[in-house]
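# sequence first, then the predicted structure, then my questions.
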Amino acid sequence: MQRGVRVEVSGWGRAPVREAIEVLDEDLRRAVCGASLTRGLGRSYGDASLPARPGARVAASRRADRLLAFDPASGVLRAEAGLSLARLSEWLWPRGFAVPVVPGTGHVTLGGMVAADVHGKNHHRAGSFGAHVRSLRLALADGRELEASATQEPELFHATQGGMGLTGHVLEVELSLARIPTPWIWQETEPLRGLDHLLERLPAASAEWPFTVSFVDALAGGSALGRGALVKGRWAEPDEAPARPPRPGPEPALPFDFPDWALNRGSARLVNALQRTMHRLKARSLVSPRAHFHPLDVLRDWNRGYGKRGFTQYQAVVPREAGPKAVRRLFEALVASGEPAFLCVVKDFGAEGGGTLSFPRPGTTVSIDLPLRGARTQALVDALNRVVIEAGGRIYLAKDALTRREHFEAMEGERLAAFDAVRRRFDPQRSLSSALSVRLFGDPA
Amino acid sequence: MRIVLLGATRGIGRAIARELAARGDALFLLGREEAELARSARDLALRGARSADFARCDLLEPAGFEDALASAEKSLDGLDGVIVSAAVQPGQAELERDPELLERMLLLDFVHTVRFCEAARRRLLARGGGTLCVLSSVAGDRARAPVALYGAAKAGLSHYLEGLDHGYRRQGLRTICVKPGFVRTGLTDGLPEPPFAADPEAVARRVVRALERGRPVVYVPPVWRLVMAMVRALPRAVLRRASF
């Protein structure tokens, strides 16, 4: 068995932290031997990429980053699971292609995108990442290796999308790419006066634009509740864009941890006001795809801004049937808690995909970045989850750190049973596990 | 250019091969595991290499060096450069404990690397010259207790490469000795990260620039040139007491 290295790992939220034996290898097949989980770039926020037990073996996929096949005629690409979206996009954009669904950061691996079944600003049109995955090469818990697709081991294929790495180690991903007219994005921004305005404008914009998202000032209550900015985008046409591809800009790193006292309502208000100003300044512009899809990637290690205690991102979806009232109740619970929310994003989802436990479903998704402040944060997450359960919604496992198991089961009862059935078939011992699967799926610690 | 790489499936070698592929070079990979070589060859072809083929070659089996280089030269229809990045880097304590591991390290990092370079030298000179680029280390510049054995192998290698440069540059053989500091690869996983740690991609960019300019010695990151000049100048009595 490949020798590992003892490391402390945490998700992007910087907490919780757990000791793991990390096995890093260019040869991912070798790295996953005897590993309880595969970890990509650690961009899930909570405990999804942490081992179930301190000191358990975790395979690291980030050096398995080779392109294996690409057919420009069909736009089908196969690559090793550790290839990062940012690196792949750099390679694709000048060639007239793009990954059809991208999340808010480029620093995720293909395997991680499958495991979380990520969504992006175009969910209302393109669905989640899994809709574009044609086939997966997996190493199962018993060491077997197999190919899974919609026609070959379909249950395993669908359970792996959004399955948080618990069904098998993803070794290779084959996906269909999107063709793009230029490697530039035409972006327009409009102000949102409040929640009603947002909930009216967001679907209207989505009917016309492939990429839409809104940023909300989560501290504003009363009549200003839900004020913010709506960002719309599309790939620029050749007559709108320069011939050269955008230059990869500098990526300075945040060099230190912010102190805990800097995280309060005052600083949150400042950050929210800055965002509003920035959105007003670039109402209509030609931007690089990175600036459009991954605006926060310009500052590496920005999570250090939340200090040593870290932060969590609460993200839930409220079904369309539940109506705007349920979305309003979420915001009211947030504002009433008084917790300093530094970033809040609202997006409309389109049709549900094929992933057994995938997050997106038709409705409105809300994500809120919150510094971790102990019991207060837990109480807020509990309160938000109660609203979501009542509305028939669900939470996004890739972001979650604080949801209680009974809340999760109340949201996911049936789907969880279907997912467990696949795990029982391919991993009866539950030798693939994570801190998240202990917390929410009842795996033994 | 037509370039043979030994050790390009991993670490710094992989990063160098990708830089060369992006330039459109014709590449031929040598290494131990055929499945890994095949996957890397596909990656490099997709990244722009004019051609990317491979053959098996194990640094522990010097009898195979000639055949491996011959098949590379045939496949590339010529040969302009050879890059050697295959190496091992066990810790000093392990090497002191385990004489067999020590012998293996000396064979891989010095004895057989030199034998491979000799075979490459003959082949390049027979064609009227070319470039031989070999990954050594700053650890070979001055003896230090924490890397005494590994450093000894790299010192021997650097010495050999300087000799090649003196002896054959006039006949058209350009020798490039690359001396990286700490690079984040499989060789250094788990080691505490010292100052000036670099990523393999940064090393690769400098190596490819050195190939273009024919510099005989390259420190990466460049700050190591200055650092090692100072370390070399330290009196032995001072170095003996230093902990680095």
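It's in. Numbering: from 1, shown residues only, chains lettered A, B, ... in the order given.

# tell me how many other residues crowd the closest residue to chain B within the stretch 51-200 of chain A.
Closest residue of the stretch 51-200 of chain A to chain B, CB to the nearest CB: residue A:66 (3.7 Å). C-beta coordinates here come from the backbone N, C-alpha and C atoms, glycine included. Residue A:66 is surrounded by 25 other residues when neighbours are defined as other CB atoms under 10 Å in any protein chain shown.

# not counting its neighbours along the chain, what's nearest it?
In this structure, residue A:66 finds its nearest non-sequential neighbour in residue B:43, 3.7 Å apart by CB to CB, 6 or more residues apart in numbering or on different chains.

# which of the three states applies to the one you found?
The three-state label given to residue B:43 by DSSP: H, G, I helix; E, B strand; the rest coil is helix.

# just checking, the residue of the stretch 51-200 of chain A closest to chain B touches residue B:41?
No: under the criterion of CB atoms under 8 Å, residue A:66 lies out of contact with residue B:41, with a separation of 9.7 Å.

# so which residues on chain B come close to chain A?
Contact residues (CB under 8 Å from any CB of the partner chain) of chain B with chain A: B:9-11, B:14, B:33, B:36, B:39-40, B:42-43, B:46-47, B:186, B:189-190.

# please repeat the previous calculation with a cut-off of 7 Å.
Taking CB under 7 Å from any CB of the partner chain as the contact definition, chain B meets chain A at B:9-10, B:14, B:36, B:39-40, B:42-43, B:46-47, B:186, B:189-190.

# picking that back up, pretty sure the residue nearest to residue A:66 contacts residue A:67?
Yes: using CB atoms under 7 Å, residue B:43 is in contact with residue A:67, at 4.9 Å.

# neighbour count winner among those two?
Remark: of residue B:43 and residue A:67, residue B:43 carries more neighbours, 24 against 20, as counted by other CB under 10 Å.

# tell me which residues of the longest helix along chain B come out buried.
As far as residue count goes, and with DSSP state H defining each element, the longest helix of chain B is helix B:148-168. Counting neighbours by 16 or more other CB atoms under 10 Å in any protein chain shown, one finds that the buried residues in helix B:148-168 are B:149-158, B:160-161, B:164-165, B:168.

# following the longest helix along chain A, which helix or strand shows up next?
As far as residue count goes, and with DSSP H defining each element, the longest helix of chain A is helix A:405-426. Heading C-terminal from helix A:405-426, the first helix or strand you meet, by DSSP states H and E, is helix A:435-441.

# find the nearest non-adjacent residue to residue A:139, please.
For residue A:139, the closest residue by CB to CB, 6+ apart turns out to be residue A:169, at 4.2 Å.

# residues touching the one you found, list them.
A:32, A:35, A:38, A:59, A:138, A:139 (CB atoms under 7 Å, 6 or more residues apart in numbering or on different chains).

# export those to JSON lines and tack on neighbour count and pLDDT?
Conversion of the contacts of residue A:169 to JSON lines gives the following (neighbours: other CB atoms under 10 Å in any protein chain shown; pLDDT from 0 to 100):
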{"residue": "A:32", "neighbour count": "32", "pLDDT": "97"}
{"residue": "A:35", "neighbour count": "26", "pLDDT": "97"}
{"residue": "A:38", "neighbour count": "29", "pLDDT": "98"}
{"residue": "A:59", "neighbour count": "29", "pLDDT": "98"}
{"residue": "A:138", "neighbour count": "24", "pLDDT": "98"}
{"residue": "A:139", "neighbour count": "22", "pLDDT": "98"}
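
# off-centre distance for the longest helix of chain A?
Using CA atoms, centre = their mean, to the nearest Å, we find the averaged C-alpha position of helix A:405-426 to lie 20 Å away from the chain's own average C-alpha position.

# what comes up buried for that helix?
Residues A:407, A:408, A:411, A:412, A:416, A:419, A:420, A:422, A:423, A:426 are the ones in helix A:405-426 that count as buried (16+ other CB under 10 Å).

# of the residues of chain B next to chain A, buried ones?
The neighbour-count criterion (16+ other CB under 10 Å) marks B:9, B:10, B:14, B:36, B:39, B:40, B:42, B:43, B:46, B:47, B:186, B:189 among the residues of chain B next to chain A as buried.

# looking at those residues, which is nearest residue A:306?
Of all those, residue B:189 has the smallest distance to residue A:306: 27.9 Å, by CB to CB.

# so what's the closest one up against?
A:5, A:24 are the contacts of residue B:189 under CB under 7 Å, 6+ apart.

# helix, strand, or coil at it?
Applying three-state DSSP to residue B:189 yields a three-state assignment of coil.

# and residue A:279, by the same measure?
Under three-state DSSP, residue A:279 falls in the helix class.

# check residue A:117 too.
Criterion first, three-state DSSP; result for residue A:117: coil.

# how about it, nearest residue that isn't a chain neighbour?
Using CB to CB, 6+ apart and skipping residues adjacent in sequence, the residue nearest residue A:117 is residue A:162, 3.5 Å away.

# can you pull the contacts of the residue of the stretch 51-200 of chain A closest to chain B?
Remark: with contacts taken as CB under 7 Å, 6+ apart, residue A:66 is in contact with A:79, A:80, B:39, B:40, B:43.

# state the distance from the last one to residue A:87.
Yep, that's residue B:43 we're talking about. When distances are taken as CB to CB, to the nearest Å, residue B:43 and residue A:87 turn out to be 12 Å apart.

# so residue B:208 touches residue B:20, yeah?
Yes: taking contact to mean CB under 7 Å, the distance of 6.5 Å between residue B:208 and residue B:20 places them in contact.

# between the two, which one's more packed in?
For residue B:208 and residue B:20, the more surrounded residue by other CB under 10 Å is residue B:20, and the numbers stand at 28 against 20.

# just checking, residue A:125 touches residue A:350?
Yes: between residue A:125 and residue A:350 there is a contact under CB under 7 Å: 6.4 Å.

# counting neighbours, go ahead and name the busier of those two.
Higher neighbour count among residue A:125 and residue A:350: residue A:350, with 19 against 16, using other CB under 10 Å.

# so how far is residue A:391 from the spatially closest residue to residue A:394 that is not a sequence neighbour?
Distances taken as CB to CB, 6+ apart put residue A:411 closest to residue A:394, at 4.6 Å, once the chain neighbours are dropped. Using CB to CB, one gets 10 Å for the distance from residue A:411 to residue A:391.

# get me the contact residues on chain A for chain B.
Proximity of chain A to chain B is confined to A:5, A:24, A:25, A:26, A:27, A:66, A:67, A:68, A:69, A:70 under the rule CB under 7 Å from any CB.
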